[in-house]
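Undergrad: sequence first, predicted coordinates after that:
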Amino acid sequence: MRLIYLFICLFCLSLGIAQTPLRVGMKQSAPFTMTNSQGAWEGISVQLWQEIANDLGLSYNVEERDLQGLLAGLQDGSLDLVVGALTITEAREEVFDFSNSFFNTGLSVAVRKEKAGFLSILKGLFNRQLLQVVLALFAGLLLVSLLVWWFERSHKGNPRQEHSVPHGIGWGLWWAIITLIGYDDVQPRSLGGRILAVIWMIASVVGVSVLTAVLTTVLTLDRLENRIQTEADLARVNVASLDGSSSASYLERSRVVYHPYPSIAAGIDAVAKGQVDAMVYDKPLLQYLIKENYPNKLEVLDLTFDPQNYAFALPSGSPLREDINRSLLKFIGQDSWRELLLDYLGK
């Protein structure tokens, strides 16, 4: 009799546990988890979880936390599940479990759109480095003009010996300019003038090369899409990322100095305001937020690195993991899953 009573108690206890709503953690990570104007949760991960919960007959309550709060909740047992755009990493796998991956992506870079055109070119022409090179060449022209006229006017039999000062300096300037551009129809007759001509020809080649290089650089340097071609270029710009995220861990491993921000929105806003040059984070999240909030001001570069896999996270050893995996795999194999991704992310 006591044994029967014990079985009844255990059955009732297990039934009560099964009926206890799961504590599901979420954070704002559009388009995977976000709240609408009525305060209801929606997004790619939310709808996927709703399908799984309905399939398994699970009830749940949502608790909104930041990233650190979600990870802590899995470790201390205050959360039964985390739903969102959580990346599978080796460090996280050591302290809690993941479901099967339901979305594959990678990191990318959000930057300000640079306006091309006459004003952009004009702005580049007033670059300090370019002005310094132009001033140096102009000073060289004046100096050479004076010296070649001085050498030539002291040379006996030189037709320029009788030139007035303005005329002589004007001729010297003309000679220095045509020599600079590689035209030599007029040649000095004095020994000093010829030695100066050789020196000026060599200096002209170097000067024009430097001017060309600087001009090319200043006209492209302000365009971040030209400065960031690979992830290695991130070390040369002012970068932001989400504090404690997998993208921040990647930057740390790559020894890239970055500014940590408490939210993705804050980091993107810093890029829009010019406080930082670029925001490094998961590509689909950057694309969605920019499309919604900064379509004409920011853009995501055509660059993807450090592959990421999104999954649901559960406390280590959770009995829900197998059931959730089976239901998850069933749903993401359906056409409705592909339609859901198209609705939020487009083609």
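TA: Arrived safely.
Undergrad: in the stretch 51-200 of the chain, which ranges drop under the pLDDT threshold?
TA: Across the stretch 51-200 of the chain, the ranges flagged by pLDDT under 70 are 114-127, 149, 153-165, 167-169, 182-187, 189, 193.
Undergrad: could you pull out the strands for it?
TA: Along the stretch 51-200 of the chain, counting by DSSP state E, counting those that start in this stretch, strands occupy 60-64, 81-82, 96-98, 103-112.
Undergrad: can you check the stretch 201-347 of the chain too?
TA: Counting by DSSP E, counting those that start in this stretch, the stretch 201-347 of the chain has these strands, from start to end: 239-242, 258-261, 278-282, 298-300, 305-310, 313-315.
Undergrad: what would the ones you listed look like in a markdown table with distance to Trp171 and mean neighbour count?
TA: For glycine as for every other residue, the C-beta is placed from the backbone atoms N, C-alpha and C. Shown next, in a markdown table, are those (distance: least, C-beta to C-beta, whole Å; neighbours: other C-beta atoms under 10 Å):
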| stretch | distance to Trp171 | mean neighbour count |
| --- | --- | --- |
| strand 239-242 | 55 | 25 |
| strand 258-261 | 58 | 18 |
| strand 278-282 | 53 | 27 |
| strand 298-300 | 54 | 21 |
| strand 305-310 | 60 | 18 |
| strand 313-315 | 81 | 22 |
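Undergrad: a markdown table for those, including distance to Leu143 and mean pLDDT?
TA: A markdown table is the format used below for the strands of the stretch 201-347 of the chain (distance: least, C-beta to C-beta, whole Å; pLDDT from 0 to 100):
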| stretch | distance to Leu143 | mean pLDDT |
| --- | --- | --- |
| strand 239-242 | 45 | 94 |
| strand 258-261 | 47 | 95 |
| strand 278-282 | 44 | 94 |
| strand 298-300 | 47 | 91 |
| strand 305-310 | 51 | 91 |
| strand 313-315 | 71 | 97 |
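Undergrad: which one of the ones you listed lies closest to Arg194?
TA: For those, distance to Arg194 was read as C-beta to C-beta. The smallest value, 54.2 Å, belongs to strand 278-282.
Undergrad: please identify the most buried of the strands of the stretch 51-200 of the chain.
TA: The highest mean neighbour count among those, using mean count of other C-beta atoms under 10 Å, belongs to strand 81-82: a mean of 26.
Undergrad: list of residues touching that one?
TA: Strand 81-82 is contacted by residues 22-26, 49, 60, 70-71, 73-74, 312-314, 318, 320, 324 when judged by C-beta atoms under 8 Å, 6 or more residues apart in numbering.
Undergrad: could you redo the last one with a cut-off of 7 Å?
TA: Leu22, Val24, Gly25, Leu70, Leu74, Phe312, Ala313, Leu314 (C-beta atoms under 7 Å, 6 or more residues apart in numbering).
Undergrad: buried among the residues you listed? Make that a ChimeraX selection.
TA: Selection of buried members from the contacts of strand 81-82 for ChimeraX, criterion 16 or more other C-beta atoms under 10 Å:
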select :24,25,70,74,312,313,314
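Undergrad: which two of the contacts of strand 81-82 have the greatest separation?
TA: Maximum distance among the contacts of strand 81-82 (C-beta to C-beta): 14.2 Å, for Leu22 and Leu70.
Undergrad: export the strands of the stretch 51-200 of the chain to CSV and tack on distance to Val300?
TA: Converted to CSV, the strands of the stretch 51-200 of the chain look like this (distance: least, C-beta to C-beta, whole Å):
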stretch, distance to Val300
strand 60-64, 26
strand 81-82, 26
strand 96-98, 26
strand 103-112, 5
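Undergrad: out of those strands, which comes closest to Phe32?
TA: Closest to Phe32 of those is strand 103-112 (C-beta to C-beta; 7.9 Å).
Undergrad: which secondary structure elements does that closest one sit against?
TA: Applying 3 or more C-beta pairs under 7 Å, 6 or more residues apart in numbering; DSSP states H and E, one finds that strand 103-112 makes contact with helix 224-227, helix 264-272, strand 278-282, helix 283-293, strand 298-300, strand 305-310.
Undergrad: pipe the ones you listed into CSV and attach distance to Leu345 per row.
TA: Formatted as CSV, those follow (distance: least, C-beta to C-beta, whole Å):
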stretch, distance to Leu345
helix 224-227, 22
helix 264-272, 16
strand 278-282, 12
helix 283-293, 6
strand 298-300, 12
strand 305-310, 13
